[in-house]
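In: here you go, sequence then predicted model.
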Amino acid sequence: MSEQIATVVKNAGSHYLLSELPQWDLFPATLRGKIRLKASEITNPIAVGDSVRYEWVADGAASDTHDGRRAVITEILPRRNYVIRRSTNLSRQAHIIAANVDMAYLVVSLYFPEVKLPFLDRILVTCELYGIPATVVLTKTDMYRELAAEEIAHFRSIYEGAGYPVIETSVVTGEGIAEIREACRGRVNLFSGESGVGKSSLIKALDPSLDPKIGNISAAHLQGKHTTSLYEMYPLSGGGYVIDSPGIRGFGLVDVEKEEIARYFPEMLRVSADCRFTPCTHTHEPGCAVKAAVEEGIIAPERYNSYLGMLEEDKKFR
Ligand code: ZN
């Protein structure tokens, strides 16, 4: 029996849809019974983006057959990275949103609604924690470009200074759309953003042929148990794939120790080797290279404040 490798593009509840990327030719598959969940707190054994081994077995009776054969997933290949979502900050129950992501596009608008930097920073920390490269996308620039040119430049300097690309976009003027479309080619791209930031419009602008349902998943629906079918991979007509997510949440406490948070701020990690003390919390210690970098303007005070906020919040939950 020959074994083949495919990518999970949808969890359809009782079965999964697979495709041998880069081909887009979907077929259903079930999970071989003996595959067990490795971590009991994970609610889904297989996530969209997972690379799996499967084999065809003869089965004339099943409804999901291809010429009397049925695809059975026999093995989940090791994940390069994955994004987990917890139902609450303290919950042990977690759901894998996506696996093997090449780029996470974190979609925010500077205004309408106004971006909350500590919230964005928490998500960026989460991306670092899960090993997923991130790009920050500013939407709706047509609405505030003239009024807030300095604010846009300041925002760019904060995040480019931290090491993240920033792309300014407008679905009205078309700004930035071709750039993202080009960057998506040949990659699995996760788009994440809270409702109201214009994420759905952005995805539609990238590929107008995509199902209009995409992007309309409300975060409220994630609380229930029917979370399995919400995440889905779509092919982009310009090349590459998109996974739409209502929003990556900040990390839960099981994933990161307080002493480790600074390691997930790339600009802090770069200088922290020069701190006099190890470990250093970069708060009160003399000879702290991170604090010095903030004072010299090398590290944005906004990012440092987000870091302090995360330490505080961490204390609160412990
Ligand atoms: Zn330090």
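Out: Alright, I've got the coordinates.
In: from here on, just use CA atoms for contacts and neighbour counts.
Out: Fine.
In: hey, where'd the helices end up in the stretch 151-300 of the chain?
Out: Ranges of helices within the stretch 151-300 of the chain are 177-184, 199-206, 266-272, 289-295, based on DSSP state H, counting those that start in this stretch.
In: packed most tightly, which of those helices would that be?
Out: helix 199-206 (a mean of 22; mean count of other Cα atoms under 10 Å).
In: give me the residue at the spatial middle of this protein.
Out: Computing the C-alpha centroid of the chain and ranking residues by Cα atoms, centre = their mean puts Ala104 first, at 4.7 Å.
In: need the three-state assignment for that residue.
Out: The three-state label given to Ala104 by DSSP: H, G, I helix; E, B strand; the rest coil is strand.
In: any idea what it is bridged to?
Out: When assigned by DSSP bridges, Ala104 has beta-bridge partners Ala134, Leu190.
In: okay, now Ser209: neighbour count?
Out: 10 (other Cα atoms under 10 Å).
In: distance of the closest residue to it other than its chain neighbours relative to the ion?
Out: Distances taken as Cα to Cα, 6 or more residues apart in numbering put Ser237 closest to Ser209, at 7.7 Å, once the chain neighbours are dropped. Distance from Ser237 to the ion, counting by Cα to the ion, to the nearest Å: 47 Å.
In: equivalent analysis for Leu26, please.
Out: Distance from Leu26 to the ion, by Cα to the ion: 51 Å.
In: which residues does the residue nearest to that residue when sequence neighbours are not counted contact?
Out: Sequence neighbours aside, Ser19 is the residue nearest to Leu26 in space, at 4.8 Å (criterion: Cα to Cα, 6+ apart). Applying Cα atoms under 8 Å, 6 or more residues apart in numbering, we find Ser19 in contact with Ala6, Thr7, Val8, Val9, Asp25, Leu26, Phe27.
In: select only the buried ones of those residues in ChimeraX?
Out: To isolate the buried members of the contacts of Ser19 in ChimeraX, using 16 or more other Cα atoms under 10 Å:
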select :6,7,8,9,26,27
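In: how about the contacts of Ser19 in CSV, adding pLDDT and distance to Tyr144?
Out: Below are the contacts of Ser19 laid out as CSV (pLDDT from 0 to 100; distance: Cα to Cα, whole Å):
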residue, pLDDT, distance to Tyr144
Ala6, 98, 44
Thr7, 97, 40
Val8, 96, 40
Val9, 95, 37
Asp25, 93, 42
Leu26, 93, 42
Phe27, 93, 45
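In: keep only those of the contacts of Ser19 that are in strands.
Out: Those of these mapping onto strands are Ala6, Thr7, Val8, Val9, Phe27, per DSSP state E.
In: host element of Gly309?
Out: helix 301-317 (DSSP states H and E).
In: that helix vs the ion: in contact?
Out: No: using Cα under 5 Å from the ion, helix 301-317 stays clear of the ion, coming no nearer than 11.5 Å.
In: distance of the residue nearest to Ser209 relative to Ile203?
Out: Separation of Ser237 from Ile203 (Cα to Cα, to the nearest Å): 11 Å.
In: coming back round to it: can you list the helices of the stretch 151-300 of the chain in CSV and add mean pLDDT and distance to Asp244?
Out: Compiled in CSV, the helices of the stretch 151-300 of the chain are given as follows (pLDDT from 0 to 100; distance: least, Cα to Cα, whole Å):
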stretch, mean pLDDT, distance to Asp244
helix 177-184, 98, 13
helix 199-206, 94, 9
helix 266-272, 96, 26
helix 289-295, 98, 35
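In: get me the contact residues on the stretch 151-300 of the chain for the ion.
Out: Residues of the stretch 151-300 of the chain lying near the ion (Cα under 5 Å from the ion): Cys275, Cys280, His282, Cys288.
In: so which of these is the closest to Val108?
Out: Set against Val108, the nearest of these by Cα to Cα is His282 (28.3 Å).
In: that closest one contacts Cys288, correct?
Out: Yes: the pair His282 / Cys288 is scored as a contact, 6.0 Å apart, by Cα atoms under 8 Å.
In: report how many residues lie close to Glu302.
Out: 15.
In: can you give me the distance of it to the ion?
Out: Using Cα to the ion, we find Glu302 at a distance of 17 Å from the ion.
In: hang on, that residue packs against Lys116?
Out: No: assessed by Cα under 8 Å, Glu302 is found out of contact with Lys116, at 10.6 Å.
In: look up how far Phe112 lies from Lys10.
Out: Distance from Lys10 to Phe112, by Cα to Cα: 32 Å.
In: so these two - more neighbours on which side?
Out: Neighbour tally, Lys10 and Phe112, criterion other Cα under 10 Å: the higher count belongs to Lys10, 26 against 14.
In: give me the beta-bridge partners of that one?
Out: What pairs with Lys10, by the bridge criterion (DSSP bridges), is Leu17, Glu232.
In: ok, it - contacts?
Out: Tyr16, Leu17, Leu18, Val48, Ser229, Tyr231, Glu232, Met233.
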